[in-house]
Structures are given as structure tokens and as C-alpha cells.
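Undergrad: Mind looking at a prediction? Sequence and model below.
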Amino acid sequence: MRSLLLTTALISAALLAGPAPAQELRPGADFDAFANADWYRTTPMPEGEAALGTTALLRERAAGQVRELLAEAVRAPTSPAAQRVGDLYSSLTGTEAIEARGLEPLAADLAAIAAIRDRAGLSAYLGASLSLDDGTNSRTPGVLGVWFHQSPREARVVPHLMQGGLGLPADALRAELPSAAYRARIAAVLTLAGLDRPQARADRVVALERALARTHAPAEQASDPHATDNPWTRADLAARAPGMDWSAWLTAAGLERQADFNVWHPSAVTGLAALVADQPVEAWRDYLTYHHLGRYAAALPVAFRQAFAGPDGAPPQRPAVALEVVETHLGQDLSRLWAADHFPPASKAAAEDLVTHILTAWRARLTAASFLSPEASATALAKLDTLKVDVGHPDRWLDTSDLVIRRDEAYANLRRAEVSALRRERARLDQPVDMDDWGSLLPHRVGAILNFSPNTMQFTAGILQPPYFDPAGDAASNYGSAGAGLAHEVGHTFDPIGADYDPEGRLVRWWSDADRAAYDAAVAPLHAQLAAYCLKPDLCVTPDRVLSETAADLAGLNVAYDAYKLSLNGRPDTVIDGLTGDQRFFLAFARRWRRLQTEAGARRQFATDNHAPGPYRAATVRNHDAWYAAFDIRPGDPLYLPPEQRVRIW
């Protein structure tokens with residue numbers, strides 16, 4: 001198999017030439033090239049890009065549609081939701097009003113920071129400025145973020161406390177690498193805010209951030225669900241994190257009645273509390289002033305935005321920033337407007353039919369799976385029973401009608417939006433988990449997510465578009481593309497990744513060591529296949545990195561094929577353009593993974609991605625018996641595997 005798929009990996013950074021015409025290619029030699037030759041040959045690579053695939057093209061298309069929608073919402077809104085979207089967007093792109101008002105809208109909040117005099121006042125301010133997190137811990141502007149989500153141990157919503165509040169990566173701060181440019185940026189912002197001795201204040205801010213960074217847990221801990229499972233009670237906050245006035249913090253955060261929490265990063269909470277007690281209040285005031293201005297930079301005059309970018313940097317364009325804010329605070333309103341034009345009810349109904357057949361096919365596969373113990377098999381089937389799969393958009397859209405948005409109040413709009421969101425999320429505390437909650441995933445975006453806790457999955461309307469999914473199109477192609485992707489994600493519910501979560505979404509390991517050993521034995525031949533995949537002698541797949549996702553690709557292929565056959569209700573499919581249904585199914589599967597790449601892009605993917613490169617994902621078909629019959633694959637073809645060497649999993 002070495003360099004078998006070289007033809008489709010477009011490794012020339014100077015000239016991205018596609019493979020030979022399809023009629024010169026054989027499916028049994030290079031199925032990716034056979035399926036995608038015309039696309040590779042006719043699709044231009046954007047200048048300056050290292051890779052281009054179908055998902056990127058869909059995102060570009062959706063972005064253009066959203067821009068048109070925003071322009072219409074600004075010019076002539078046709079509903080209250082459109083009015084809110086248009087007004088919020090306009091408030092952040094209306095530079096004249098922002099420039100004219102300067103810092104006046106922030107005056108009261110900046111004065112509140114300047115009025116902090118002691119530990120109780122500081123604790124109360126930190127509680128009042130608590131920021132919502134989305135569970136990724138990637139955007140946590142406050143020193144603590146909160147995510148209202150299912151408890152790791154119970155099927156109810158609790159507040160998850162997360163570390164945050166740094167202006168540079170924690171590793172850089174811990175290594176004492178803050179550059180002069182970062183200090184200068186802080187000083188420039190504080191100068192614009194009218195504070196004296198800006199350089200000395202900047203030094204204090206950096207010193208405090210460095211101390212905060214030393215308390216932060218490493219990134220790998222944040223991605224380990226067992227490391228972030230740390231139940232604390234209200235009493236634990238005071239006992240395990242002394243220094244903060246937790247009563248003042250909880251009251252200001254609106255959590256004074258909350259009895260328990262899940263602390264993702266205990267060292268950060270303990271460390272923060274100690275710094276509240278130990279660090280000079282003057283340093284905290286400087287730090288909070290700088291970060292408050294940064295948190296609301298979208299509503300500030302251009303001089304501030306330039307100061308945050310640095311003298312040689314370019315601040316983000318206002319339209320892009322405004323769109324990000326609209327998506328953060330009115331994302332479902334925006335998606336609802338987009339879906340009205342691009343994902344009608346008929347599309348949702350067609351996608352739901354596909355889901356029904358996928359889940360039915362998974363049930364049959366799980367029932368027949370021989371490598372799981374009876375106990376694990378029963379749990380897998382129970383997880384399938386409780387799995388909630390949503391497609392397109394939520395059945396119940398988020399209601400943001402209580403949010404007051406005015407076109408001439410950029411800063412006030414942001415503050416009101418945060419208060420509204422925090423109030424809405426707090427109302428979920430100690431309630432049963434909402435299985436219809438889409439979290440931060442927006443339906444107009446091109447994406448999907450499998451949540452283990454709770455046991456739900458969402459496929460957006462943005463990704464359920466041609467060529468992945470055509471509600472009025474060919475069933476074989478829909479199942480081979482969207483169906484295989486959906487079945488792949490469902491498969492993670494039962495594989496080594498999902499084996500840490502029970503049917504209720506609790507962090508409970510339900511595989512035994514024997515189950516894991518049996519699974520590893522079942523996928524070992526797949527590991528061997530991956531080990532033979534090389535683009536060039538020095539550029540080979542790392543099997544251990546991509547094995548889990550490749551096994552899910554194979555499961556998705558198998559289940560989607562079964563579901564496709566179920567959708568036919570026993571009838572033979574028609575021949576279209578000389579292709580049988582099975583041929584169209586497998587071609588759609590290969591086309592799902594097509595991707596143009598430069599050599600630099602390919603090397604980056606081989607080194608970092610936990611998915612195999614597209615040509616090798618397309619080659620998964622060599623483990624499916626029906627592919628051999630569909631394309632008359634015979635011994636001697638490079639992709640041919642004897643039946644006993646084809647991987648059978650699930």
C-alpha cells in the first residue's frame with residue numbers, strides 16, 4: 001500500500017495538479033482518485049491556503065448567505081428577531097456613535113472597579129463579573145468562568161467553575177515570556193483610559209497575570225473528563241480555597257443558594273482565592289480595568305482597538321467583530337432567519353428520516369456485536385435508547401425576546417445581553433438536563449457535535465447541505481455521505497471514547513478490561529492497514545493517532561450502508577447515469593473526504609490530525625464486501641483484501 005494514493009495527494013505547493021481523468025483510473029487501484037478526479041482537476045485552490053475541502057466550501061457559502069441576511073436585517077427587518085439582529089449588528093458597526101460617546105458608556109463600570117478597596121469588595125466584583133463559558137474553556141475572559149451543564153455524577157445541571165482571565169497563554173506567562181510588546185499594549189490601553197503611571201500599572205498587571213498563570217491547570221487536564229470531575233460543596237469553597245470572601249462572591253454572582261459545584265480546575269480556584277487575599281488591591285484594580293476594556297473592545301473607539309492590536313497590528317474589522325457578537329448573543333435568532341431560507345421543514349423531515357434508519361441499523365449492529373460482554377452490550381443498547389439526535393435546528397428555538405437592543409447603545413447592548421444570558425442559564429440550575437439544548441452550536445454553521453453528557457448529538461442545517469445532503473436528491477448519495485458521517489458520530493457513543501459515559505450521561509466506565517481487549521483485537525488489522533499508508537517515504541500515517549477515528553469511519557460506512565438498504569423497504573434502487581445505487585453510495589462516501597492540499601498542508605495534517613488524510617479515509621471501503629461486488633474488485637487490484645483480512649467491527 002505504500003504510496004498507493006499518491007495521485008490524489010496534491011503535494012506540489014507551486015502547482016496543484018489533479019490526478020488523471022477518471023476513465024484512466026481503476027476503483028480497485030485508487031478509489032479516492034476514481035471518485036474525485038474531476039473535482040480535483042477543476043477546483044481551484046484559493047491563493048495562500050494550504051487546504052480546501054467540501055466543508056470549507058460550505059462555510060464560505062454560508063458566510064455569504066449570512067452577510068446578505070445581516071444586510072437585510074439592518075435595512076428592512078421583517079420580524080422582531082430580525083430587528084434585534086439588525087440593531088445589535090448596527091450598534092457595533094456604527095462607528096460615529098461609538099467614537100462620539102468614547103468611554104462615557106463605561107464610566108459607571110470603570111468607577112466601580114476604581115472603588116474597590118478591600119477583599120470583600122474585590123470578591124463581590126469578581127462574582128458580579130463572572131463570565132459564561134461554553135464548556136471549551138477557550139473563551140473565559142473573567143478570572144473564573146461558569147458553564148451551566150450536566151453534573152458528571154448526576155443527570156441534573158450544576159455550575160462548572162473554570163479558570164480564565166489571562167491575556168496571554170498560561171505557558172508563556174509561566175515561563176516569564178511576556179514581551180515588551182504586551183506590556184506596551186497594556187500601558188497604551190491604560191493611557192487611553194486616563195490613568196496615570198501607565199507603565200508601572202502595566203508591570204503590575206503582568207505580574208498578577210503571571211501569578212494567576214502559575215495556578216492554572218495545563219491544557220491536557222482540561223480535556224480529561226476525569227481530571228475535571230471535582231465536586232465541591234459551598235462549604236468546600238471556603239475550606240479549600242481560603243482568601244476569597246465566598247459569601248460576597250456567591251451573592252454577587254447570583255449563586256447564593258447553590259449548594260454544590262463542579263470545579264474543573266481546583267488549583268486555579270484555590271490559587272485565585274489566595275491571590276485575592278495576597279495581591280495588592282491596586283494591582284487588582286489595574287488588572288480589572290485593562291481586562292474590562294478588552295472584554296468590551298467591540299464597543300470602544302478605534303483608538304482602543306488599535307491599542308489592543310499593538311502599533312504594528314491591525315485590529316479586527318468591525319463587521320467581523322459585530323458578527324461574532326451577534327452569534328454569541330443572538331445566534332439562534334440569526335440561525336432561525338437563515339434556516340427560513342436555506343433549511344425548510346421538508347429538509348428537516350428528510351434528515352430525520354435518515355436518522356431513524358441510521359439508529360435502526362445501529363441497533364441491529366449492536367445486537368449482533370460479538371466482542372462485547374453481555375453486560376456491556378446491554379449498556380450500549382441502553383445508550384442507543386437514550387441518545388437524542390437533533391438535525392438541522394432545535395425543535396424549540398431560544399427565546400431572546402426579553403433582551404433590549406438599541407442601535408445607538410453598543411456597550412449597553414453587550415452588558416444587557418450578558419445579564420440576560422446569565423439569568424437564563426442560572427434558571428437551569430438543579431433542573432433535569434434539557435436534551436434539546438444545542439449549547440453554543442449554531443444551526444447555520446457547518447458542523448456537528450456529539451455530547452457524551454448529556455447523551456445527545458446535533459447535526460446543523462449548515463452541514464446538511466449539498467453535496468453532503470440533498471433532501472430532494474438521491475438516497476444512495478445521502479446515506480453514503482451525510483449518513484456515514486452521522487453514523488460515525490453515533491458510533492463514538494459505544495467505542496472507547498464513549499465507554500466513559502453511561503446512558504444518563506454520567507461519568508461511569510461501563511467497559512470492562514476484557515471488553516477493551518476484545519475491541520483492540522477486533523481493530524488490530526485496521527491498525528496494520530494504516531501502518532502501510534504513506535504519501536512519501538518520510539510522510540506516513542501514524543496508526544495510533546488515527547485508529548479510533550478510522551474505526552469510527554468503518555463503523556459509519558457499515559451502518560450507513562445498512563440504513564440505506566432499510567430506506568429502500570426491500571425494493572431495488574434505480575440506475576442513475578449508468579451507476580447503481582451501491583456504486584453511488586460508495587462514491588458519495590469517497591467524495592465526503594476529498595480535499596486539496598499543498599505539501600505543507602499535508603505534512604501538518606499527518607503530524608497533528610487524529611483523522612486519516614482523505615484518500616485513506618476513502619480507502620476504508622476495502623473492508624466492505626458490497627464495494628467489491630459494486631465495482632468488480634478482484635485479486636490483483638491494489639486495494640483488494642481477501643475476505644478473511646477485511647476488518648469486521650460492530
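TA: Yep, it's here.
Undergrad: Residue 133: what's it in contact with?
TA: The contact partners of residue 133, taken as C-beta atoms under 8 Å, 6 or more residues apart in numbering, are 139-140, 145-147, 160, 162, 164. C-beta coordinates here come from the backbone N, C-alpha and C atoms, glycine included.
Undergrad: ok, the closest residue to residue 404 other than its chain neighbours - contacts?
TA: The shortest distance from residue 404 to any non-neighbouring residue, by C-beta to C-beta, 6 or more residues apart in numbering, is to residue 416 (5.8 Å). By C-beta under 8 Å, 6+ apart, the residues touching residue 416 are 403-405.
Undergrad: What does the pLDDT read for residue 416?
TA: At residue 416, the pLDDT value in this model is 98.
Undergrad: quick one, helices of the stretch 301-450 of the chain?
TA: 302-309, 318-342, 345-368, 374-386, 410-426 (DSSP state H, counting those that start in this stretch).
Undergrad: would a markdown table of the ones you listed with distance to residue 513 be doable?
TA: Compiled in a markdown table, the helices of the stretch 301-450 of the chain are given as follows (distance: least, C-beta to C-beta, whole Å):
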| stretch | distance to residue 513 |
| --- | --- |
| helix 302-309 | 52 |
| helix 318-342 | 43 |
| helix 345-368 | 20 |
| helix 374-386 | 11 |
| helix 410-426 | 39 |
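Undergrad: nearest to residue 100, of those?
TA: helix 410-426 (11.2 Å; C-beta to C-beta).
Undergrad: low-confidence ranges in this structure?
TA: 1-23, 178 (pLDDT under 70).
Undergrad: for stretch 189-205, which positions count as buried?
TA: If you call a residue buried by 16 or more other C-beta atoms under 10 Å, then stretch 189-205 has these buried ones: 189-193, 195, 198, 201-205.
Undergrad: just to revisit the earlier point, narrow the contacts of residue 133 to just the buried residues.
TA: So, by 16+ other C-beta under 10 Å, the buried ones in the contacts of residue 133 are 140, 145-147, 160, 162, 164.
Undergrad: in the stretch 501-650 of the chain, which spans are helices?
TA: Secondary structure of the stretch 501-650 of the chain by DSSP H, counting those that start in this stretch: the helices cover 513-531, 543-567, 581-592, 599-608, 614-618, 625-631.
Undergrad: Would you agree residue 148 falls within a helix?
TA: No: counting by DSSP: H, G, I helix; E, B strand; the rest coil, residue 148 falls outside a helix, being strand.
Undergrad: Settle this for me: it is touching residue 425, isn't it.
TA: Yes: contact criterion C-beta atoms under 8 Å: residue 148 and residue 425 qualify, at 4.2 Å.
Undergrad: before we move on, the earlier item: please identify the most buried of the helices of the stretch 301-450 of the chain.
TA: Stretch with highest mean neighbour count among the helices of the stretch 301-450 of the chain: helix 318-342 (a mean of 20; mean count of other C-beta atoms under 10 Å).
Undergrad: The nearest residue to residue 507 once chain neighbours are set aside - how many residues pack around it?
TA: With C-beta to C-beta, 6+ apart as the criterion, residue 507 has its nearest non-adjacent residue at 4.1 Å, and that residue is residue 152. Number of residues near residue 152 (other C-beta atoms under 10 Å) recorded here: 21.
Undergrad: Quick check: residue 152 vs residue 111, distance?
TA: 40 Å (C-beta to C-beta, to the nearest Å).
Undergrad: Counting by contacts, list what the host helix or strand of residue 267 packs against.
TA: Element membership for residue 267 (DSSP states H and E) is helix 266-278. Under the contact definition 3 or more C-beta pairs under 8 Å, 6 or more residues apart in numbering; DSSP states H and E, helix 266-278 sits against helix 119-128, strand 144-150, strand 157-163, helix 198-215, helix 234-240.
Undergrad: Next one: the closest residue to residue 579 other than its chain neighbours from residue 466, what distance?
TA: Sequence neighbours aside, residue 587 is the residue nearest to residue 579 in space, at 7.2 Å (criterion: C-beta to C-beta, 6+ apart). Distance, residue 587 to residue 466, using C-beta to C-beta: 15 Å.
Undergrad: more neighbours, those two?
TA: residue 587 (24 against 15).
Undergrad: For that one, give me its contacts.
TA: 35, 477, 480, 579.
Undergrad: for those, which one is nearest residue 332?
TA: Closest approach to residue 332 among the contacts of residue 587 (C-beta to C-beta): residue 477, at 30.0 Å.
Undergrad: okay but residue 213 is in contact with residue 175, surely?
TA: No: with contact defined as C-beta under 8 Å, residue 213 does not reach residue 175; the gap is 9.1 Å.
Undergrad: what about these two, which has more around it?
TA: A side-by-side neighbour count of residue 213 and residue 175, using other C-beta under 10 Å, places residue 213 first with 23 against 11.
Undergrad: tally of neighbours for residue 226?
TA: When neighbours are counted by other C-beta under 10 Å, residue 226 registers 11.
Undergrad: Provide a list of residues in contact with the nearest residue to it once chain neighbours are set aside.
TA: Excluding its sequence neighbours, the residue lying closest to residue 226 (C-beta to C-beta, 6+ apart) is residue 507, at 7.0 Å. Residue 507 is in contact with 152-153, 225-226, 229, 453, 500-501, counting by C-beta under 8 Å, 6+ apart.
Undergrad: which one among those gets closest to residue 285?
TA: residue 229 (35.3 Å).
Undergrad: Leaving out sequence neighbours, find the closest residue to that closest one.
TA: Nearest to residue 229 is residue 152, by C-beta to C-beta, 6+ apart, at 4.3 Å.
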